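>>> Provided below are the primary sequence and the corresponding predicted coordinates.
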Amino acid sequence: MIRVALYVGPQTVCSSLSMADDAFRLANLLAGERLFETFRVSQDGQPVELGFMQVRVDGDLQRAEQADLVLIPASGSSVPRMLDGNAPLLAWLAHRPVRQQLASLCSGAFLLGAAGALDGRRATTHWSLAGDFRKRFPLAQLQIEQLFTEDTNRFCSGGAQAGLDLCLHLVAWHAGDWLAQRLASSLVVERERGPQARFAPLLPEPGAEDGLIAPLLRWLQQHHHEAIDLERLAAQTHCSTRTLLRRFKAATGLTPNDYLQRLRISAAQTALRNPARSLEQVAMQVGYADRATFAKLFKQLCGETPGAFRKRLNHRPATPQ
């Protein structure tokens, strides 16, 4: 039997905790035997108040030392608050042997990272937290494009739903691929859903409102399919190319050309929802005369080809077995 300790901390996200618990319990039901023993632990063995509910636990961190797998659910997006509120856990994690599996869901990766458990190892977290993660844990090999990662008994997952992808992977690791597939079918989810990059928004939200750049972004929404270069954009804003580059990067975090390509690919994602339009027509519609260039950039930004994107949109889940 695989013993799974689910950590409950002061910032634990209830849905993340319950999703993981449900996944292993359902795996037992589908297998017809108790393959996974799940139990909850807190830093001191006391119940944990999580906003609208109190979560009872089965013991403290010492109880988790007997687990084969220690799983840390998502812990919100306030990283300083998360690290301050889980100091005892960080000290405990720092002394975990490599043979004991440690896994994190979404922002829970920051707790593994702060304990040094991800140094030199592949890791991931929610795409919106990538910048902060890289600054705090430069020794970790962040692969933000991945839904989940595995490296020497250390596992991480991206956003909320990616936690289920990781749980399916852990079920397959311990009990076999057949059970993970049955579990996925029962939950009506796909396995191997591709990279996390498919879910991150292509266009950044502008920072502080810029009276020069904001109108230009609206103009680009209407004219992105046209031939556009830096000189045309500068003329549109009545400023020099140097001023445009500086203020555009400050407002969006991107160069004008990078923003334009992302805008075109974002428009292509919408256009691809119409099955009547060929890939060549979609490419032309958003501003690319060459389908190969369009397909290459689409895959680079979205993590899949335009054809795979369209096929996924039309996919229907199989009937549960």
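In hand now; what should we look at?

>>> C-alpha from now on. contacts and neighbour counts both.
Noted.

>>> quick one: low-confidence ranges for the stretch 51-200 of the chain?
197 (pLDDT under 70).

>>> and the contacts of the one helix or strand L297 maps to?
According to DSSP states H and E, L297 maps onto helix 291-302. Contacts to helix 291-302, defined as CA atoms under 8 Å, 6 or more residues apart in numbering, come from residues 197-199, 202, 262, 265, 279-280, 283, 288, 304-306.

>>> buried set for that helix?
294-295, 297-299, 301-302 (16 or more other CA atoms under 10 Å).

>>> now do it: distance to the chain's middle.
A distance of 21 Å separates the centroid of the chain from that of helix 291-302, by CA atoms, centre = their mean, to the nearest Å.

>>> next structured bit after that helix?
Immediately after helix 291-302, counting by DSSP H and E, sits helix 306-313.

>>> looking at the contacts of helix 291-302, which are in helices?
262, 265, 279-280, 283, 306 (DSSP state H).

>>> could you turn the buried ones of the residues you listed into a ChimeraX selection?
The buried residues among these can be selected in ChimeraX (16+ other CA under 10 Å) with this line:
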select :262,265,279,283,306
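
>>> next, format the ones in helices among the contacts of helix 291-302 as CSV and append pLDDT and distance to R56.
Compiled in CSV, the ones in helices among the contacts of helix 291-302 are given as follows (pLDDT from 0 to 100; distance: CA to CA, whole Å):
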residue, pLDDT, distance to R56
R262, 92, 47
I265, 94, 47
L279, 93, 54
E280, 94, 57
A283, 95, 55
P306, 93, 47
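
>>> hmm, which two among the ones in helices among the contacts of helix 291-302 are most spread apart?
Within the ones in helices among the contacts of helix 291-302, R262 and E280 form the most distant pair, 18.0 Å apart (CA to CA).

>>> number of nearby residues for the closest residue to A175 other than its chain neighbours?
Distances taken as CA to CA, 6 or more residues apart in numbering place L35 nearest to A175, at 7.4 Å, with adjacent residues excluded. By the measure other CA atoms under 10 Å, the count of residues near L35 is 18.

>>> so how far is A27 from L35?
8 Å (CA to CA, to the nearest Å).
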